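Asker: sequence and predicted structure below; questions after.
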Amino acid sequence: MTAVPYQQILAALRSQFPQPVSDPVHDAYFVFSILRALEQVDALKGQAPILGAPTMPDYAAAQASRVAEDPQRLEQVIPTLVQQLEGMFIWGHPQSQINVIPHPTIPGIIGVVLASTYNPNLCSDESGRGVSATEVRVTAMAAELLGYDPAKAAGVFTFGGTGGMLYGLKLGLEKALPGSMQRGVREPPVVLTSEHCHYSVLNVAAWLGIGYDQVIHVPTHADNSIHVPRLEQAAREALRQGKRIAGFVATLGSTDAFGLDDLAAIHALRERLVGEYELDYRPHIHADAAIGWAWSVFNGYDFVENPLGFRGRTVRALAAAHRRIQHLGLADSVAIDFHKTGYAPYISSLVLFKSRDELQLLARSKESMPYLYQTGEHHPGRYTLETSRSGTGPMAALANLLLFGKQGLRALLGHVVEMAEVLREQLESHPDLVVLNGENVGPVTLFRVYPPGVDTFEIKQQERGDPARCEDLRRYNELNRRVFQLVHAEALQGRGVVISLTDCYRHTEYGEPIVALKSYVLSPFAQQERMRDIVEHVLAARDRVLAEAHNSV
Ligand SMILES: *Cc1c(COP(=O)(O)O)cnc(C)c1O
């Protein structure tokens, strides 16, 4: 430890803050430092869709880390930060089709940088100022896009689609059991959703004190959308037992398969039940559109004229998705992730409420927060769960909504769906490959590979329904797992495309999980030729797995 007067340390550290008064030379230093960091990251790029070499994170080294006595210089800090990125997938790489993780746009990143630099806090417009208005602005834009009346709607940015789910069900809980904000949840109500809902429904139910056991998972159709007559049965059963309904959760764009629930039918069902059972509340409908919301840019698109010139299969897929998405405005709340299909960096998630007035159900009194809200007029902190909220989400969202407009997002989504359709065409034309979610119309394709000679015309139905085929199902599950591992390892070396695996695309009718290979196309850089490579690589990997298995007997 060296003895230096604190002023000396302070003086050095001052240069490490953006300057509070205009100092263009220092701004140049700031920007140049970012550039240096980017240059070092660039040195990690090769042909493969990964930064640096494929490495596993070193948790032992991470555990051993401690805070040092002395400060480090920026030049020392940057390489350490850059190192942390080693082994990261490059989501936007044409050979990356891993999951619903976007490659953020430059304006989106600038939105984050500006908000991070000047650090608005959206708790109140005392501290958020124009960025608080940005949240209102993006809310209005998104509300109109989805089919809400922007004059009546409200919205808050929160910590993900999961946060949106929490807000939606919290509001539903308060509607079903008025006063539970005050007195707690005394008799837990039920939540009705599909077996393909996101697991955040369970998580949120648990965290809200509703409990896993009160979540009713209704079966789905082959297109992975909720079976509405079965939903009706479940809702009636619950009401007959005197239970209250905290919410219907509709999934619009399920995570693994892009299943789209029939919101119009769910809404009609809710209306019917309210009348018939003379309910003294309207069970809340939350639409989990974390992924699907973006398709609302196709409201107003002329699919017949098809002015953007998408291929036939693609127009069909876009129109089919739009058929369900156009009803989003019927939900009482909708969660949307700009950090998925909106190409914004994490976290940029908005939960929209159809009626601003309903939000008052979650508001606390001003007296309970004496140190806040002395000035200003817009105080979302009165009803948000969070106290401090970052301005990065709304700034990134605004950046992308301005950058894309409706046409831009139509082109991006159209492209990724087109690439998925190209892949499906390839898969369908090969006798050993089967598309599992053929009835879904999004950018994600679930498929399986089989040994040569398997009758793949029959196999999908057999695997799903026939318990006698259980042994085969398990064997082919294992085959697909091993194919995935080979394809993955090769792709990390730059050969082929990084795809992913889902351990349970859905269950068979007799309860076994069906493993599937998964291609999630989201990159604007995705290319047609690469889609063809996937088929080749998967088949080659299958042959190797089968040969190894053969040799080992
Ligand atoms: C991703 C996802 C979520 C969770 O959103 P986060 O932003 O990751 O919290 C919820 N629902 C669906 C359908 C999703 O795909």
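Answerer: That came through fine. Numbering: from 1, shown residues only.
Asker: what's Ala399 in contact with, if anything?
Answerer: Residues in contact with Ala399 (Cβ atoms under 8 Å, 6 or more residues apart in numbering) are Thr105, Pro107, Gly108, Ile110, Gly111, Ala344. C-beta: built from backbone N, CA, C; applies to glycine.
Asker: contacting residues for the last one?
Answerer: For Ala344, the contact set (Cβ under 8 Å, 6+ apart) comprises Pro102, Pro104, Thr105, Gly108, Gly111, Phe338, Gly393, Ala396, Ala397, Ala399, Asn400.
Asker: and the fifth one, by the same measure?
Answerer: Applying Cβ under 8 Å, 6+ apart, one finds that Gly111 lies in contact with Ala344, Thr392, Met395, Ala396, Ala397, Leu398, Ala399.
Asker: what do you get for Tyr281?
Answerer: Contacts of Tyr281 (Cβ under 8 Å, 6+ apart): Lys175, Ala176, Pro178, Arg244.
Asker: ok, 6 Å please
Answerer: Tyr281 is in contact with Lys175, Ala176, counting by Cβ atoms under 6 Å, 6 or more residues apart in numbering.
Asker: which helix or strand contains it?
Answerer: In the assignment (DSSP states H and E), Tyr281 maps to no helix and no strand.
Asker: contacts for stretch 6-25?
Answerer: Applying Cβ under 6 Å, 6+ apart, the contact partners of stretch 6-25 are His26, Phe30, Thr117.
Asker: mind checking the end-to-end distance for that stretch?
Answerer: Distance across stretch 6-25, first residue to last, is 25 Å (Cα to Cα, to the nearest Å).
Asker: measure how far that stretch is from the centre of its chain, please.
Answerer: On the basis of Cα atoms, centre = their mean, to the nearest Å, stretch 6-25 sits 39 Å off its chain's mean C-alpha point.
Asker: could you check the pLDDT of the nearest residue to Tyr301 once chain neighbours are set aside?
Answerer: Nearest non-adjacent residue to Tyr301, counting by Cβ to Cβ, 6 or more residues apart in numbering: Arg410, 6.4 Å away. With respect to pLDDT, Arg410 scores 98.
Asker: the ligand next: which of the contacts of Ala399 are close?
Answerer: Applying Cβ under 6 Å from any ligand atom, the subset of these adjacent to the ligand is empty.
Asker: farthest-separated two in those residues?
Answerer: Ile110 and Ala344 (11.4 Å; Cβ to Cβ).
Asker: residues in contact with stretch 352-359?
Answerer: Ala143, Tyr148, Lys152, Ala153, Ala154, Gly155, Asp332, Ser333, Val334, Tyr383.
Asker: what does stretch 231-248 give?
Answerer: Residues outside stretch 231-248 that contact it (Cβ under 6 Å, 6+ apart): 169, 172-173, 176, 189-192, 216, 218, 266, 269, 277, 283-286.
Asker: quick check: end-to-end length of that stretch?
Answerer: Distance between the two ends of stretch 231-248: 9 Å, counting by Cα to Cα.
Asker: ok now that stretch, how far from the chain's centre?
Answerer: In terms of Cα atoms, centre = their mean, the centre of stretch 231-248 is found 28 Å from the chain centre.
Asker: please apply the same query to stretch 447-454.
Answerer: In terms of Cα atoms, centre = their mean, the centre of stretch 447-454 is found 31 Å from the chain centre.
Asker: go on, stretch 533-552?
Answerer: On the basis of Cα atoms, centre = their mean, stretch 533-552 sits 32 Å off its chain's mean C-alpha point.
Asker: closest point of the stretch 401-550 of the chain to the ligand, which residue?
Answerer: Residue nearest to the ligand within the stretch 401-550 of the chain: Val444 (10.1 Å; Cβ to the nearest ligand atom).
Asker: any idea how far that residue is from Ala53?
Answerer: 28 Å (Cβ to Cβ, to the nearest Å).
Asker: same check on Ala320?
Answerer: Distance, Ala320 to Ala53, by Cβ to Cβ: 42 Å.
Asker: settle it for me: which of these two has more neighbours?
Answerer: Using other Cβ atoms under 10 Å, the more surrounded residue of Ala320 and Ala53 is Ala320, with 18 against 12.
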